[in-house]
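# just to be clear, the model below is a prediction. Sequence and coordinates:
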Amino acid sequence: RVSAPPALAVRDLTVRFAGLTALDGVGFTVEPGTIHAVIGPNGAGKSTCFNVLSGVYRATSGSVRLGERELTRATPHAIASLGVARTFQNIALSAHASVADTLMLGRHRLTRAGFLSTGLRLPSAGREHARHWARVREVAAFLGLERHLGAPAGLLPYGVQKLVELGRALCMEPEVLLLDEPIAGMTPAERRNTAELIASVRDSLGLSVLLVEHDMAVVMRLADTVTVLDFGRKIAEGTPALVQNDPEVVRAYLGE
Ligand code: ADP
Ligand code: MG
């Protein structure tokens, strides 16, 4: 990289639904090359926060910036184009698309030539296709998915589908990766494997990761910084060791 990768900065974010404040003036910064976890009891506002960051929900007030760029009112597609990719908590991959095809979907935002020139068989389209394929193979190798590339994605075991979903996001070559419960529903062995992969997303690929995850042991092991939400408010923030022993955090969890 020529310049330092940008941080993702959330400022004073408020999201109101009819009669309910899901997020109330929440702010935090995801520093480049770190894993930043957002935790909190059910209904705390974690998914709402994710949905605002990825452009699915509109913030009532506040702002989201990636470096100098304003993401607050951008569409999901524009946000992805600016380098913020997300995975979904509840995935439903197609049984009619191979793993390779599914990973290629992640290349869409980068396709300059697009479908038109591919259809017209312009030489530039062939070169782009080769480039996309190289990236897909690289990501598949990184995640240990090579042997599944030809398989129908939607028919694979759930844990492997979750990895394909992670791969689709990585194929977008993001700067920031938003992971919504990436190890939920996995077997213990898959959880350990995926936790290690998330650590290498930071350590080897150098990406910033915003992580929402229920498995506290994994959060505490992976995260550099933890933001704790409760009823839409930030109640604590700091290193895992620090927030774990915060009386207000303990109370929020025991009161669940
Ligand atoms: P978490 O992911 O931490 O469990 P959510 O962000 O899903 O919490 O929800 C926070 C609060 O906002 C909850 O009370 C939830 O019912 C409410 N909420 C979330 N999404 C919507 C929506 N689209 N419409 C109305 N209320 C919502
Ligand atoms: Mg949620």
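Arrived safely, thanks for sending. Ligands and ions are numbered 1, 2, ... in the order given.

# list the contacts for residue 7?
Residues near residue 7 by C-beta atoms under 8 Å, 6 or more residues apart in numbering: 29-32, 66-67, 208. Backbone N, C-alpha and C define where each C-beta goes, glycine included.

# out of the residues you listed, which comes closest to ligand 1?
Set against ligand 1, the nearest of the contacts of residue 7 by C-beta to the nearest ligand atom is residue 30 (17.5 Å).

# ligand 1 versus the residue nearest the centre of the chain, what's the distance?
The residue lying closest to the centre of the chain (C-alpha atoms, centre = their mean) is residue 178, at 1.9 Å. Distance, residue 178 to ligand 1, by C-beta to the nearest ligand atom, to the nearest Å: 13 Å.

# for that residue, what are phi and psi?
Main-chain torsions, residue 178, degrees, to the nearest 10: phi -100, psi 120.

# that one contacts residue 55, correct?
No: Residue 178 lies out of contact with residue 55 (C-beta atoms under 8 Å); the separation is 10.9 Å.

# alpha carbons only: can I get stretch 204-224 in CSV?
Written as CSV, here are the backbone C-alpha positions of stretch 204-224 (Å, rounded to 0.1, in the frame of the first residue of the first chain):
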residue,chain,number,x,y,z
SER,A,204,-1.6,-12.0,6.9
LEU,A,205,-4.0,-10.0,4.7
GLY,A,206,-3.7,-6.9,6.9
LEU,A,207,-7.4,-6.1,6.8
SER,A,208,-9.5,-4.4,9.5
VAL,A,209,-12.3,-6.6,10.9
LEU,A,210,-15.4,-5.5,12.7
LEU,A,211,-16.7,-8.7,14.4
VAL,A,212,-20.1,-9.4,15.9
GLU,A,213,-19.9,-12.8,17.6
HIS,A,214,-21.6,-14.5,20.5
ASP,A,215,-18.8,-16.9,21.4
MET,A,216,-17.2,-14.9,24.1
ALA,A,217,-14.1,-17.1,24.3
VAL,A,218,-13.4,-16.5,20.6
VAL,A,219,-14.1,-12.8,20.9
MET,A,220,-11.7,-12.5,23.8
ARG,A,221,-9.0,-14.4,22.0
LEU,A,222,-9.3,-12.6,18.6
ALA,A,223,-10.3,-9.0,19.4
ASP,A,224,-7.8,-6.2,19.8
